[in-house]
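Chemist: Provided below are the primary sequence and the corresponding predicted coordinates.
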Amino acid sequence: MTVKLYDYPLSGNCFKVRQMLLWLGVDHASVPVDFHPGREHKSARFLAQINPLGQLPVIDDEGFVLRDAQAILVYLASRYDDPRQRWYPADPKLRGQVAMWLAMADEITRTASAARLHDALGYTHLDIEACRRGARAAFRVLDDHLAEQHAATGLRWLVAAPEPTIADLACFPYVALAGEGGISLDEFPALRRWVWDFRHLPGFVGMSGIFPAGPA
Amino acid sequence: MPFVTDDPNMLDDWLVVGPASGLPRTTRLLGETLHLHTDADGTPHALLGNDALTVQSRYGFLWVCPGGRPARPLFAFPEYEEPGRRIVDCGGLGVAVSGLRVIENFLDMAHFPFVHPDYLGKVPHTEVAKYNVEVDAATDEIWATDCRFWQPRASAAHDTGSEVFYKYRVMQPFSAMLYKSSHRPDRLDAIGLFLQPVDDEHVIAHTLLAYFDDVSTDAELIAFQHTIFGQDKPILENHAFKRMPLEGRAETPTRGDTTSVTYRRWLRERGMRFGTARAAA
Amino acid sequence: MNPSAISQAWHPVAPSAEVRAGANIVAGFAQGQELALWRAADGSPQAWENRCPHRSVRFTLGQVTGGDRLACAYHGWQYEAGSGACVRIPAHPAMPAPRNVCAKTFATADAAGMLWVRLAAGGAEAPPELADAVPAGWHLARTLTLRVAASEVRAALAPHGFASTETPDAWQGTLGESTVAALLLDAQPQLSFLHLWTDAAPGSDAMARVHRAARQLRSDIEAAASH
């Protein structure tokens, strides 16, 4: 099967889906959307036919259409992961934790991704200082959680499980790209370690702005 | 005194302020906010407060001469009008670094296998062969010719590739052009990089394609340009100092850096100050 | 403190275990100096100015390669552990690397579970009291970061029940009823790190209380500084 993905190379939310598909071994075909400068995702045609919210990513899995990066991760992991279900674990507590961090991913998009849109794509109507303040507040919550969980249990991913889940994938890109929005990660050592660990997962391909690990 | 610099390299030259479309709008130039609009007959206007700035529309962009006394005409861009070429504006992308470093990166091939792997280069094909760099006495523009670099084929699954030939041209401290082989055997595609200097450490990078390509969609061409530029962005924004040192020994070029050595000398000889760092020990 | 004492100081830039042999590169900070921290495959610690001498791109974007070299992300220039000398320029594979191209290196020492860096070019070896900075057998609770100058943290630690020790900027006190050793790092003008070690066991309720109390300490110190 081949999943159709409405895609844009500089979108961290699209990256989440591309990377998930790769890790799940599912082929995809990207449909390039002229996000910038064309604002094609806000065109009448896109709003009417693809996503009324005017956002990327959107997938079309042989007629099953879904928008929202986090929702797409839930669907892809539920449908295509192997029986171990490490990406979206079935255990109720872990699943609750995943949902909690998926909500954090939305907050990261609202703040850190918005700051990057302001600085890189000229979205000057956004309140850049509020975005950066909000991003630092979210990142501090993440850094505290990662530091404390690692000291207590040795675990290094967001959810209390030995392997990364869609929670990590959902929160990752706009943390890794935070510098492009003028948000420094200097004050978040545990978050920086988590970014390094995630980039070095086998099969991590990254996106423009986030280097994959090269050969040693 | 308006503007964040008094460097005549900036005040007496034509500086891009974005596309000629999408007006009216405001934008930032040399630390100031400009208001851009057109009359009903299409005449462009650029205002700094109540003051009208010298402005022209060329190549689909607006260009402002901040000091009002342009030392030279805007550079020639014959490919823009050439029949059969497709002109695609890939939009402006903000970069937090001196524009001089952005131009230097644009002129550099040695980073292709490391920053653009599987697109423009691939380890172990890292060698930069000797090429030719000259300053054209008539135009005072820098030309790098006979540049070639090993590039992977579109299918990244196999380690196949071939040499691609490049020419580079620097028209202004903040404007450069790259020429590479196109779909037509006898013509070169042109990529223009026109940097809008917001201040010493920030630019908006405008990329314009003048291509022979009847196959790709605009979205595909833009996606490729943004993929490449997005890979350069974290490098550009992580120079330990954002302004380019033109003196001192803080930075050391190597043999393959001939274009950038020429570019830095050319900037020194013009007395470039904007976007530069004081000499480090 | 007089300037020469400051630059002769040994700064606790990171817990030793955070910088893994032949593996990661960690961004470090000491008095506004940016550092790239890494270890060769043999474990020898490296603290380099976070800047490649070619075009000044930060080393922390690069990677450790071949076990004992750091490769810059921009053009792949490789620098060897120890001396910091450039040993390979991929654009000219057959050419010996130029002798005068060198990363700027700083002296390092592992002691008491921490990686310490001295910024002064010449100077004394790591003093023995660094090894006493953290009692043997203690566990790292976490590295706390505070958005205030180190001087603010120093001024706040005594009122919060911390006492200074033989080791400069190493304090002892109590957080959440457990004894804690707090090592202060002056990272940047408005950023301090406090490495918190404790006898509370990992995963215990006592350590969870240390964590909660640490966050409270941070918020007290930051609130006081903003007034």
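Modeler: Everything's here; your move.
Chemist: Neighbours of A:Gln19, how many?
Modeler: A:Gln19 has 21 neighbours, counted by other C-beta atoms under 10 Å in any protein chain shown. Any C-beta I mention is one placed from the backbone N, CA and C, and that applies to glycine too.
Chemist: Only C-alpha atoms, please: export the strand or helix carrying it in CSV.
Modeler: Per DSSP states H and E, A:Gln19 falls inside helix A:12-24. Extracted in CSV, the C-alpha atoms of helix A:12-24 (Å, rounded to 0.1, in the frame of the first residue of the first chain):
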residue,chain,number,x,y,z
GLY,A,12,8.0,19.6,11.2
ASN,A,13,4.5,18.2,11.4
CYS,A,14,4.9,16.7,7.9
PHE,A,15,8.3,15.3,9.0
LYS,A,16,6.6,13.4,11.9
VAL,A,17,4.4,11.5,9.4
ARG,A,18,7.3,10.9,6.9
GLN,A,19,9.5,9.5,9.7
MET,A,20,6.7,7.4,11.1
LEU,A,21,5.9,5.8,7.7
LEU,A,22,9.6,5.0,7.3
TRP,A,23,9.8,3.4,10.7
LEU,A,24,6.7,1.4,10.1
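Chemist: Taking the chain centroid, which residue in chain C is the extreme one?
Modeler: Distance from the C-alpha centroid of chain C peaks at C:Ala94, with 37.0 Å (C-alpha atoms, centre = their mean).
Chemist: so how far is B:Pro253 from that one?
Modeler: Noted for C:Ala94: a distance of 18 Å to B:Pro253, by C-beta to C-beta, to the nearest Å.
Chemist: circling back: how far out from the middle of the chain is the helix holding A:Gln19?
Modeler: 8 Å (C-alpha atoms, centre = their mean, to the nearest Å).
Chemist: Direction included, what does the following helix or strand past it pair up with?
Modeler: Sequence order places strand A:27-32 as the next helix or strand after helix A:12-24, per DSSP H and E. Strand A:27-32 pairs in its sheet with strand A:2-7 (parallel), by DSSP bridges.
Chemist: State the number of residues packed around residue 53.
Modeler: Because you didn't say which chain, this covers chain A. By other C-beta under 10 Å, the burial measure for A:Leu53, its neighbour count, is 12.
Chemist: wrong one, I was asking about chain C
Modeler: For C:Pro53, the count of nearby residues is 21 (other C-beta under 10 Å).
Chemist: Looks like it contacts C:Ala85 (just checking).
Modeler: No: with contact defined as C-beta atoms under 8 Å, C:Pro53 does not reach C:Ala85; the gap is 10.4 Å.
Chemist: got any residues that touch both of these two?
Modeler: C:Val101, C:Cys102, C:Ala103 (C-beta atoms under 8 Å, 6 or more residues apart in numbering or on different chains).
Chemist: The last one: how many residues sit nearby?
Modeler: This points to C:Ala103. Here the count is done by other C-beta under 10 Å, and C:Ala103 has 23 residues near it.
Chemist: now swap in the second one and tell me
Modeler: Residues within reach of C:Cys102, counting by other C-beta under 10 Å, total 17.
Chemist: how far away is it from chain B?
Modeler: Noted for C:Cys102: a distance of 10 Å to chain B, by C-beta to the nearest C-beta, to the nearest Å.
Chemist: quick one: buried residues of stretch C:68-87?
Modeler: Neighbour counts over stretch C:68-87 (16 or more other C-beta atoms under 10 Å in any protein chain shown) mark C:68-81, C:84-86 as buried.
Chemist: Can you give me the end-to-end span of that stretch?
Modeler: For stretch C:68-87, the first-to-last residue distance is 11 Å (C-alpha to C-alpha, to the nearest Å).
Chemist: what does chain A put close to chain C?
Modeler: When proximity is defined as C-beta under 8 Å from any C-beta of the partner chain, chain A approaches chain C at A:143-144, A:147-148, A:151-154, A:186-190, A:192-193, A:196, A:211, A:213-216.
Chemist: redo that, cut-off 7 Å
Modeler: A:144, A:147-148, A:151-153, A:186-187, A:189, A:192-193, A:196, A:211, A:213-214, A:216 (C-beta under 7 Å from any C-beta of the partner chain).
Chemist: Which among these count as buried?
Modeler: Applying 16+ other C-beta under 10 Å to the residues of chain A next to chain C flags A:Asp144, A:Ala147, A:Glu148, A:Ala151, A:Ala152, A:Asp186, A:Glu187, A:Pro189, A:Arg192, A:Arg193, A:Trp196, A:Phe211 as buried.
Chemist: how about the first one, secondary structure?
Modeler: On the three-state scheme (DSSP: H, G, I helix; E, B strand; the rest coil), A:Asp144 is labelled helix.
Chemist: how near is it to A:Ala151?
Modeler: Counting by C-beta to C-beta, the gap from A:Asp144 to A:Ala151 is 11 Å.
Chemist: Over to B:Arg148?
Modeler: Taking C-beta to C-beta as the measure, B:Arg148 falls 54 Å from A:Ala151.
Chemist: what packs against the helix holding A:Gln19?
Modeler: strand A:2-7, helix A:69-80, helix A:166-176 (3 or more C-beta pairs under 7 Å, 6 or more residues apart in numbering or on different chains; DSSP states H and E).
Chemist: what helix or strand is residue 190 on?
Modeler: Chain wasn't specified; assuming chain A. Secondary structure assignment for A:Ala190, by DSSP H and E: helix A:189-199.
Chemist: could you do chain B instead?
Modeler: B:Ala190 belongs to strand B:188-199 when assigned by DSSP H and E.
Chemist: So which bits of that strand are buried?
Modeler: Per 16+ other C-beta under 10 Å, strand B:188-199 contains these buried residues: B:Leu188, B:Asp189, B:Ala190, B:Ile191, B:Gly192, B:Leu193, B:Phe194, B:Leu195, B:Gln196, B:Pro197, B:Val198, B:Asp199.
Chemist: which SS class is the closest residue to chain A within chain C?
Modeler: Of the residues in chain C, the one nearest chain A is C:Arg142, at a distance of 4.1 Å by C-beta to the nearest C-beta. Secondary structure for C:Arg142, judged by three-state DSSP, is strand.
Chemist: Kindly provide the distance from it to chain B.
Modeler: 27 Å.
Chemist: SS state for the nearest residue to that residue once chain neighbours are set aside?
Modeler: Of all residues not flanking C:Arg142 in the chain, A:Ala147 sits nearest, at 4.1 Å (C-beta to C-beta, 6 or more residues apart in numbering or on different chains). When classified by three-state DSSP, A:Ala147 comes out as helix.
Chemist: Pass me the low-pLDDT residue ranges in the chain, would you?
Modeler: Assuming you mean chain A. Applying pLDDT under 70 to chain A picks out residues A:215-216.
Chemist: let's do chain B instead
Modeler: B:1, B:154-159, B:279-281.
Chemist: Please work out how many residues are found near the residue in it positioned nearest to chain A.
Modeler: At 2.7 Å from chain A, B:Gly230 is the closest residue in chain B, using C-beta to the nearest C-beta. When neighbours are defined as other C-beta under 10 Å, B:Gly230 has 19 of them.
Chemist: so it sits in a helix?
Modeler: Yes: assignment of B:Gly230 by three-state DSSP places it within a helix.
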